[in-house]
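**Student:** predicted coordinates and the sequence they were generated for:
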Amino acid sequence: MHGTIKNGNELQDIKKNGILASVLINDRQSKYPSAVGVWNLKWDISLKDYINFYSGGTLEMLSIKGDRKTKVIPYNEMKNIIKEISKDDFIFRWKMEQTKEARFMPSLVQNKIQIAFIINGNNEYIENLKKGDILNQNYLNDNIVKNFVNENYYEQFIKERQIKDDFFTYRESAILFGIPSCFIEGILVGREYEKNSNILKEIKKIFPECYICNLDGLVIRV
């Protein structure tokens, strides 16, 4: 999945040209200006449960010796966070932040992002695109990815991508240059767009072959 703040004519451009890296469209610069960030479903899960999962928070737990654990607390379990941190004698100090997915895709905790593209990853062509994932050191070595990472972030990036946890996550990829729009099979919308029939009609007009679903994991347009 890939979240975006784009709408209107910008969605038309995505339909025509695909989801492109910021360096190709003079968009705001990111840590990976030559790549497109996507979020991977690593296990069988319903869309509703996946949204609940990533709308929660990422917990970091440190022992008194400095040993570290991380864990994602789903949205519906956030109310039990005190129980979570109290049941483990390991924890001496802890902190929590929203998941990365919750920042960059429609979620139950923010309304800034109202659209995400659901990408069909079950084909040989996507498998080839994944070989351009700069977050996977098995595909691209440190010297190669240096050309595609913000130079101010490179040294930290090289360290973090080798030992992933729930903060620099195993759930994300950064695909070089972009993803063709033919791989977009569905659109996830946030609460504001769900209530706006004109916006839904416009999205459906641009992506007639795609279904539209909401944060409850329900298909609201076919």
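**Tutor:** Happy to help now that I have it. Predicted model, so just to flag it, every value in this text is computed and none were measured.

**Student:** for residue 48, which non-adjacent residue is closest in space?
**Tutor:** residue 217 (2.9 Å; Cβ to Cβ, 6 or more residues apart in numbering). Where you see a C-beta, it was placed from the backbone N, CA and C, and this is true even at glycine.

**Student:** helices of this protein, start to end?
**Tutor:** 9-17, 22-25, 47-54, 81-86, 100-104, 124-130, 142-145, 154-160, 191-194, 197-206 (DSSP state H).

**Student:** what sits against the residue nearest to residue 48?
**Tutor:** Neighbouring residues of residue 217 by Cβ atoms under 8 Å, 6 or more residues apart in numbering: 46-51.

**Student:** in TSV: the helices of the chain, plus distance to residue 221, mean pLDDT and mean neighbour count.
**Tutor:** TSV is the format used below for those (distance: least, Cβ to Cβ, whole Å; pLDDT from 0 to 100; neighbours: other Cβ atoms under 10 Å):
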stretch	distance to residue 221	mean pLDDT	mean neighbour count
helix 9-17	15	93	15
helix 22-25	27	89	14
helix 47-54	15	97	19
helix 81-86	36	85	12
helix 100-104	23	93	21
helix 124-130	24	91	13
helix 142-145	39	91	14
helix 154-160	39	89	14
helix 191-194	10	97	17
helix 197-206	5	96	15
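
**Student:** gap between the least confident helix or strand in the chain by mean pLDDT and the chain center?
**Tutor:** When the helices and strands of the chain are scored by mean pLDDT, DSSP states H and E, helix 81-86 comes last with a mean of 85. With Cα atoms, centre = their mean, to the nearest Å as the basis, helix 81-86 stands 27 Å off its chain's centre.

**Student:** pull it out as CSV, backbone CA atoms only.
**Tutor:** Taking C-alpha atoms only, helix 81-86 is exported to CSV below (Å, rounded to 0.1, in the frame of the first residue of the first chain):
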residue,chain,number,x,y,z
ILE,A,81,-0.9,0.2,27.5
ILE,A,82,-0.3,0.5,31.3
LYS,A,83,-1.1,-3.2,31.7
GLU,A,84,1.3,-4.0,28.8
ILE,A,85,4.2,-2.2,30.3
SER,A,86,3.5,-3.4,33.9
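
**Student:** and for that helix, what are the contacting residues?
**Tutor:** For helix 81-86, using Cβ under 8 Å, 6+ apart, the contacting residues are 57, 59, 61, 71, 73, 77, 91, 94, 96.
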